[in-house]
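[1] Need a 3D model of the following:
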Amino acid sequence: MSGRVVSACLDAGRPALVGYLPVGYPSVADSIEAVTAITEGTDGRGVDLVEIGIPYSDPLMDGLVIQHATAKARARGVRTADAFRAVEAVAATSATPMVMTYWNLIEAYGPDRFARDLAAAGGAGVITPDLPPDDCPEWIEASDAHGLDRVFLIAPSSTDERIALTMRSCRGWVYASSVMGVTGARAATSDAAPVIVSRARSVDQGLPVGIGLGVSTGDQAAEIGAYADLVIVGSALLKCLDSDGADLPGDLRRLRTLAADLAAGVDRARL
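    As a prediction, the model looks like this:
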């Protein structure tokens, strides 16, 4: 499902734009407004895919901005089922929803039940940053049964053999981490980004390769989108909401403006 979206974007001469936001911050209702806002931008041009994060107690990959937001969401009682509400909201827009979650949450919910409920809500697939693709037969089975894409991660430290195994296990696209360590917006993109994309393409010419971990501006989106098939943005979007007590409508205006800037960036990425 998400692969078709990416293919359509590439056929139009640009990479796909993926926006990450966690459910439950500042509240569940507000986060649903936020994920809808990034699909719209300022003039109807926002992200193509929405990556909805489910807050987790031990987020190994998440940077400080995301950790701060998800810790508050968990303290306010956000649950896995709330992510499906956000998925339904995005599915009602022109964008395609996915979920990003750590494996323990899927396991606790029940892999088949999780896949069933996500598919019923209109979700396209799941990004699992901590799940080894060679050690999850129950997830392979559940995602196959309910037609969900599986997105696993590769990193600069991955061996060629590991990259090959991971990409064979993916469906839709593969998430290539462009830096070692946790996520977070950066002033400059990583020099490792084109290298990991090139290594992935040497293994599989057909599976789209997404780059995340660091993109924060439209110019960076254009730079990454010149060689990656998907440009993934998270912390920079979340920062638009990361101010307790701020007026959310104002934050949504900032969010829409950034989404539009990022969309303009991917539009000019391959001109």
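[2] Can you tell me the SS state at the residue minimising distance to the centre of the chain?
    Centroid check for the chain by Cα atoms, centre = their mean gives E51 as the closest residue, at 3.5 Å. Look at E51: counting by DSSP: H, G, I helix; E, B strand; the rest coil, its state is strand.
[3] ok, it touching L237?
    No - E51 lies out of contact with L237 (Cβ atoms under 8 Å); the separation is 10.0 Å. Every C-beta, even on glycine, is put in place using the N, C-alpha and C of the backbone.
[4] which residues do these two both contact?
    Common contact partners of E51 and L237 (Cβ atoms under 8 Å, 6 or more residues apart in numbering): G19, Y20, L21.
[5] Save those as JSON lines, and put in pLDDT and secondary structure too.
    Output for those, formatted as JSON lines (pLDDT from 0 to 100; DSSP: H, G, I helix; E, B strand; the rest coil):
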{"residue": "G19", "pLDDT": "98", "secondary structure": "strand"}
{"residue": "Y20", "pLDDT": "96", "secondary structure": "strand"}
{"residue": "L21", "pLDDT": "96", "secondary structure": "strand"}
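[6] and which of these is nearest I232?
    Nearest to I232 out of the shared contacts of E51 and L237 is Y20 (Cβ to Cβ; 6.7 Å).
[7] so how far is S143 from the closest residue to the closest one other than its chain neighbours?
    Nearest residue to Y20 in three dimensions, chain neighbours excluded: G234, at 3.4 Å (Cβ to Cβ, 6 or more residues apart in numbering). Separation of G234 from S143 (Cβ to Cβ, to the nearest Å): 23 Å.
[8] between these two, which one's more packed in?
    Legend: neighbour count by other Cβ atoms under 10 Å for G234 and S143, higher for G234 (27 against 23).
[9] Return the per-residue confidence for that one.
    Looking at G234, its pLDDT is 94.
[10] What ranges in the stretch 151-271 of the chain fall below the confidence cut-off?
    179-190, 242-247, 249 (pLDDT under 70).
[11] Recalculate using a threshold of 80.
    178-190, 213, 242-250 (pLDDT under 80).
[12] Which parts of it are strands?
    153-154, 174-177, 209-212, 230-233 (DSSP state E, counting those that start in this stretch).
[13] from the chain's centre, how far out does the first one sit?
    A distance of 13 Å separates the centroid of the chain from that of strand 153-154, by Cα atoms, centre = their mean, to the nearest Å.
[14] got it, and stretch 256-271?
    17 Å.
[15] which residues of this protein fall in helices?
    2-11, 28-40, 64-75, 80-91, 103-109, 111-121, 137-145, 160-169, 192-203, 218-225, 235-239, 248-267 (DSSP state H).
[16] Those into TSV, with extra columns for distance to S178?
    Output for these, formatted as TSV (distance: least, Cβ to Cβ, whole Å):
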stretch	distance to S178
helix 2-11	18
helix 28-40	21
helix 64-75	17
helix 80-91	25
helix 103-109	23
helix 111-121	27
helix 137-145	25
helix 160-169	14
helix 192-203	4
helix 218-225	8
helix 235-239	14
helix 248-267	16
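[17] dump the residue contacts of V35.
    G19, L21, V23, V50, I52, A86, A89, V90, P97.
[18] What count of nearby residues applies to the first one?
    Going back to what we said before, that points to G19. Residues near G19, counting by other Cβ under 10 Å, number 30.
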